[in-house]
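S.K.: 3D model of this:
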Amino acid sequence: WFDMRLYYPSLSVRLKAGNIVREAIPANVIHGMKGSFIKTRGDVQEADLLAGKKPGNDNWGTEPASEQGLLHTEIEGKVVRETILSDKGNYGDYYAGMYEAIVNGKPVPVTAEEGINTIRIIEAAIKSNKERREVAL
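M.R.: Below is the predicted model of the structure:
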């Protein structure tokens, strides 16, 4: 398991995961000044692959209604508590975007800077775990 905390000037982010927990950890829990959003699981594409579904099928990346996220907020003085279905996932969009960037000169779906920052965070997490301390980026 891991518990990673990232601190930014205007927000903090906590990432947790574990494969030896008795109950599933929500995939996304977002709290703000105006409300909360809770999602029990993340993208369903990995589960689709394990179930034998193929990318490109009509139901590929479509989550079941039971996996909808919960939005709890207030709009114009009225409490709103509703479920929200996620957009359909498609890992293939990334590769299609890379094709367009390479062949047709379109912008890449993930910039080199974004990739470098992701690697820096992963390396800091490894260092933090190894040294058993917080690591500043």
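S.K.: in this structure, which spans are strands?
M.R.: 2-7, 12-17, 28-32, 35-39, 69-75, 78-84 (DSSP state E).
S.K.: now those strands in CSV, with mean pLDDT?
M.R.: Output for the strands of the chain, formatted as CSV (pLDDT from 0 to 100):
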stretch, mean pLDDT
strand 2-7, 86
strand 12-17, 85
strand 28-32, 91
strand 35-39, 94
strand 69-75, 95
strand 78-84, 95
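S.K.: Can you lay out the ones you listed as TSV showing mean neighbour count and distance to Ile119?
M.R.: All C-beta spots, glycine's among them, are computed from the backbone N, C-alpha and C. Converted to TSV, the strands of the chain look like this (neighbours: other C-beta atoms under 10 Å; distance: least, C-beta to C-beta, whole Å):
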stretch	mean neighbour count	distance to Ile119
strand 2-7	12	15
strand 12-17	10	16
strand 28-32	12	23
strand 35-39	15	26
strand 69-75	14	29
strand 78-84	10	32
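S.K.: what about those, which gets the closest to Glu113?
M.R.: For Glu113, the closest of those is strand 2-7, at 16.9 Å, according to C-beta to C-beta.
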